[in-house]
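**Q** Prediction below, plus the sequence it came from.
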Amino acid sequence: MSQTKAQSAVESVANVAVGYGVSLAANVTILPLFGVIISLSDNLLIGAIYTAISIVRSYCVRRLFNRHSRSAA
């Protein structure tokens, strides 16, 4: 059984939300090791922008694979 569009969207948002937290923690830890210092507010904004992009990307890829799996069945 394939996912509905709403289920695909919920899964994508949940997946990316976890990734957002991991990304923020990684940026706070790793960027200073390379001499890149950014404020927490800038880090949150940059993360939010990339998160929005990632949600759209994840949803589109999921729907593409879902469509392909239905046509192959």
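**A** Ah, there it is. Residues are numbered from 1 along each chain as shown.
**Q** quick one: average confidence on the longest helix that the chain contains?
**A** Here the longest helix in the chain is taken by residue count, with DSSP state H as the criterion, and it is helix 40-72. Taken as a whole, helix 40-72 has a mean pLDDT of 85.
**Q** cool, stretch 18-27 as well?
**A** Summarised as a single mean, pLDDT over stretch 18-27 is 89.
**Q** and that stretch, which residues are buried?
**A** Under the neighbour-count criterion of 16 or more other Cβ atoms under 10 Å, stretch 18-27 has Gly19, Tyr20, Ser23, Leu24, Asn27 buried. Where you see a C-beta, it was placed from the backbone N, CA and C, and this is true even at glycine.
**Q** mind checking the SS state of the first one?
**A** Secondary structure for Gly19, judged by DSSP: H, G, I helix; E, B strand; the rest coil, is helix.
**Q** Could you measure from the nearest residue to it once chain neighbours are set aside over to Val61?
**A** Among residues not flanking Gly19 along the chain, Ser54 sits closest, at 6.6 Å (Cβ to Cβ, 6 or more residues apart in numbering). Here the criterion is Cβ to Cβ, to the nearest Å. By it, Ser54 lies 10 Å from Val61.
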